[in-house]
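**Q** sequence and predicted model, in that order:
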Amino acid sequence: MLALIRSWLAVEIRVQRQVDGQEDDGEVEEGFSEGEVNGKKLSPWAPIFGVGIILALLGYTQYSLLVLQIPLIAGAALFLSRWRWKAMVVWLIIPWLALAPWLVRNYSLSGHFFGLAGYSTLADTQIYKDFTLERSLHPFGQELQISENQVEESGKLYELILGSVRKIMVNLSTVFKDNFPHIGGHWIASLFVAAMLIPFQNRSRSRVRWIFLMALLTLIPMQALITTQISEVSPLVNNENLISVMGPLALMFGAVIVWMFISQIDFPISELRILTTIVVAALGSLPFWVMILPPKAKGISYPPYYPPQIQQVGEWMEPDEFMASDMPWAVAWYGNRYCLWLPSGGFEEFYEVNDFTKTIQGLYLTPLTLDNRLYSELLVGDNRAWGNFVLEVMGAAEIPQGFPLKFAPQGFLIEGNLFLTDRKRW
């Protein structure tokens, strides 16, 4: 984000110097060399394309960050004078041209330009609560596709739109309550709100502030729209916390307020000002020092993650074999094995994958399922199909009739995990 703003500033400075033909009177302009080199005015084209390329890189990182085109194009319209149309066209087209090869690749593999990322707008709504959508084999019909005709025929189009709108309204309160105060992960960053109210004499700083505000107001509703159950599992550190990309800028504006407070204090000697600045900086870095000092936090987050056991399960399975689990990401990461997320449709979808797609030769359940509430989650919740299965296996100590995976190693249940496979592998 800092590189993006830095490139935008270069565009703004070069454009302004071409327009008025003289040096700006602010400190920011004097600190940049983009305006002139050896007395020659530089063209704004290079930083304009630089902004477009940085936007494309943000899009490759996360598609939803492409909404930053909106504040940047708006900033070009407001501040870039006669270059506004050139910058607006470049910033609108270049990111999508750079993303085009990847989007075509997504479409050829999944039938959707954004792959599964496009489903995040519908996830965790009234229709698809928790991880139901991600775990559904046929969420919209007989094929995993969002087709307008198909959805209209099933009578869900209105429900999907209404569910997404309601999702935004509900999640906005969470964003403002939980994510907004921690935008920079630092108490100094929280002071950026005060910096938004202070008039800057420097024109570039003032314009950067407006870009910052427009970007923040664009990212907040987008974050509310794409938020899924992942944000509840890990509230602050996750790829759905879009406004966190504004953290460095928030920290810079917050530091401006701190410095203004310090500069307005009438110290009897100048050394006290330096000492005060050092103390403030030390207090700002205090969370870092507290984190690295002993005692050290445990390296394993159990439950539910216990890497040695997941690695053991991976060693029992052959590299080309397929398994299912309630946390397939951990099996793929620690066990290095192909793994299906436990279908929310229960045995019907499980058997459909097993019989027509690829044989499932292992089932690994962790405390994510085994530690669920008995009534509300295992018996009557969205996970009830697997809840009844778990109760039958653990309570009656027998595998349901017809289930293809009948062998289990000793000791796994004691550790809060269940592993079933088609043969003895230990």
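**A** Happy to help now that I have it.
**Q** would you map out the domains in the protein?
**A** Domain assignment for the chain by automatic domain parsing gives 1-113, 115-297, 307-421.
**Q** what is the rounded mean pLDDT of the second one?
**A** This means domain 115-297. Averaged across domain 115-297, the pLDDT comes to 82.
**Q** what is the end-to-end distance of that domain?
**A** Domain 115-297 has an end-to-end distance of 37 Å (CA to CA, to the nearest Å).
**Q** now do that domain: distance to the chain's middle.
**A** Chain-centre distance of domain 115-297: 10 Å, with CA atoms, centre = their mean, to the nearest Å.
**Q** what's near enough to touch Ala408?
**A** Leu418, Phe419, Leu420, Thr421 (CB atoms under 8 Å, 6 or more residues apart in numbering). No exception for glycine: its C-beta is placed from N, CA and C like everyone else's.
**Q** what about it, distance to Phe192?
**A** To Phe192, Ala408 is 55 Å away according to CB to CB, to the nearest Å.
**Q** same check, this time on Phe350
**A** 50 Å.
**Q** so the two - more neighbours on which side?
**A** Phe192 (25 against 22; other CB atoms under 10 Å).
**Q** which other residues reach the helix or strand the more buried one falls within?
**A** Following DSSP states H and E, one finds Phe192 within helix 192-195. For helix 192-195, the external contacting residues (CB under 8 Å, 6+ apart) are Ile183, Gly184, Arg209, Leu249, Ala250, Leu251, Phe253, Gly254, Val256, Ile257.
**Q** is Cys339 in a helix, a strand, or coil?
**A** Look at Cys339: counting by DSSP: H, G, I helix; E, B strand; the rest coil, its state is strand.
**Q** which residues touch it?
**A** Cys339 makes contact with Phe322, Met323, Ala324, Ser325, Pro328, Val331, Ala332, Tyr364, according to CB under 8 Å, 6+ apart.
**Q** contacting residues for the fifth one?
**A** Looking back up the chat, that one is Pro328. Neighbours of Pro328 in contact, by CB under 8 Å, 6+ apart: Cys339, Leu340, Trp341.
**Q** and if you look at the last one?
**A** With contacts taken as CB under 8 Å, 6+ apart, Tyr364 has the following neighbours: Ile310, Val313, Met323, Ala324, Ser325, Asp326, Val331, Cys339, Asn417, Leu418, Phe419.
**Q** let me have the residues you listed in TSV, extended by distance to Pro400, pLDDT and secondary structure.
**A** Below are the contacts of Tyr364 laid out as TSV (distance: CB to CB, whole Å; pLDDT from 0 to 100; DSSP: H, G, I helix; E, B strand; the rest coil):
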residue	distance to Pro400	pLDDT	secondary structure
Ile310	25	92	helix
Val313	21	93	helix
Met323	18	95	strand
Ala324	15	95	strand
Ser325	18	94	strand
Asp326	17	91	coil
Val331	23	94	helix
Cys339	21	95	strand
Asn417	19	85	coil
Leu418	13	89	strand
Phe419	16	92	strand
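**Q** out of those, who's nearest Ser110?
**A** Cys339 (18.5 Å; CB to CB).
**Q** any idea how far that closest one lies from Lys358?
**A** As judged by CB to CB, Cys339 and Lys358 stand 11 Å apart.
**Q** again, but for Thr369
**A** From Thr369 to Lys358 the distance is 22 Å (CB to CB).
**Q** between these two, which one's more packed in?
**A** Legend: neighbour count by other CB under 10 Å for Thr369 and Lys358, higher for Thr369 (21 against 13).
**Q** good, we can wrap up now.
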